[in-house]
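# this is a predicted model, with the sequence first.
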Amino acid sequence: MTPHNRAKKGEIAPIVLAPGDPARATLVATRYLEDAVLKSDVRGMLAYTGRYKGVPISVMGTGMGGPSAGIYSYELYTAYDVETIIRIGTCGGLQSSIAVGDLVIALTASTDSAWAHQYNLKGTLSPACDSGLLFAAKAEADRMGIAAHYGMVFSSDLFSAYNALGAESWRGWARLGALAQDMESYALYATAAWCSKRALSILTMTDSCTSGRGFADAERITGLYPMIELALEVALRSA
């Protein structure tokens with residue numbers, strides 16, 4: 001179907017969970033989906049389709065960084081008629097009130113990326129999530145007893161400069177209220193807006209810029225379960 005996805009038309013569900021790491025796509029498919037089938041593995045970016053509580057759901061890795069996430073999300077929206085993409089990623093926390101393991105749900109995304117330059121806008125774009133998905137996430141997180149924070153995230157092309165404890169670059173964004181830094185939410189939200197589709201970014205805070213604390217190695221899989229389970233429940237409400 002595209003240079004980056006060999007799934008046939010109709011083999012990708014209308015709702016897609018989108019981790020950056022393709023190994024996380026395999027985790028979702030094997031742990032949570034019924035009858036999951038691998039539909040694409042181009043460039044190692046794995047895509048599966050199965051069912052969650054009877055509802056068709058796909059999960060596909062998007063790679064690292066805004067351009068990669070933007071390409072995969074654009075093709076899912078335009079070539080596969082996907083209506084909703086829910087990012088399930090990790091982030092570095094920029095506020096001391098956010099504990100390691102808490103979820104950050106991106107209301108809006110700011111960036112240092114040039115991704116939105118392609119739209120030739122006469123201003124600065126600050127893309128937002130789909131409000132219906134946000135309200136569903138808030139309701140489900142409350143019901144499930146999951147600690148979640150809602151607000152702006154900062155999506156950067158410069159991973160280490162903003163994640164390293166002691167680096168000063170992230171502090172300005174924290175002062176302006178950014179909850180966390182990732183790399184992909186901005187491109188996803190901008191692409192969804194351009195395509196008139198829906199997107200939500202649900203992130204697990206794995207490493208804190210304010211304290212230097214982070215997940216232990218063993219937690220970098222199990223610590224993501226609440227995020228994945230919340231995303232699946234939001235997908236159900238949105239089907």
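Yes, it's here.

# for the closest residue to Ser96 other than its chain neighbours, phi and psi?
Distance criterion Cβ to Cβ, 6 or more residues apart in numbering; nearest residue to Ser96, sequence neighbours excluded, is Thr210 at 4.5 Å. Heads up, the C-betas are built off the backbone N, CA and C, glycines and all. With angles defined as degrees, to the nearest 10, Thr210 sits at phi -80, psi -30.

# now do the one 10 residues further on
When read as degrees, to the nearest 10, the backbone of Arg220 gives phi -70, psi 0.

# and the nearest residue to it once chain neighbours are set aside, what's its pLDDT?
Take Arg220 and drop its neighbours on the chain: the residue closest to it by Cβ to Cβ, 6+ apart is Thr206, 6.7 Å away. Looking at Thr206, its pLDDT reads 95.

# surely Thr206 and Asp217 touch.
No. Applying Cβ atoms under 8 Å as the test, Thr206 and Asp217 come out as separate, 11.1 Å apart.

# center of this structure - which residue?
Among the residues of the chain, the one closest to the centroid is Arg87, at 2.2 Å (Cα atoms, centre = their mean).

# least trustworthy helix or strand in this protein by mean pLDDT?
One helix or strand of the chain scores below all others by mean pLDDT, DSSP states H and E: helix 159-163, with a mean of 59.

# show me what the helix or strand just after that one is packed up against.
Next helix or strand after helix 159-163 toward the C-terminus (DSSP states H and E): helix 169-175. Counting contacts by 3 or more Cβ pairs under 8 Å, 6 or more residues apart in numbering; DSSP states H and E, helix 169-175 packs against helix 159-163.

# any idea how far the most far-flung residue of the chain relative to its centre is from Ser110?
In terms of distance from the mean C-alpha position of the chain, Lys122 ranks first, at 27.3 Å (Cα atoms, centre = their mean). Using Cβ to Cβ, to the nearest Å, Lys122 is found at 18 Å from Ser110.

# and the closest residue to Trp173 other than its chain neighbours, which of the three is it?
Leaving aside its chain neighbours, Trp173 sits nearest to Phe154 (4.4 Å; criterion: Cβ to Cβ, 6+ apart). Assigned with DSSP: H, G, I helix; E, B strand; the rest coil, Phe154 falls in the strand class.
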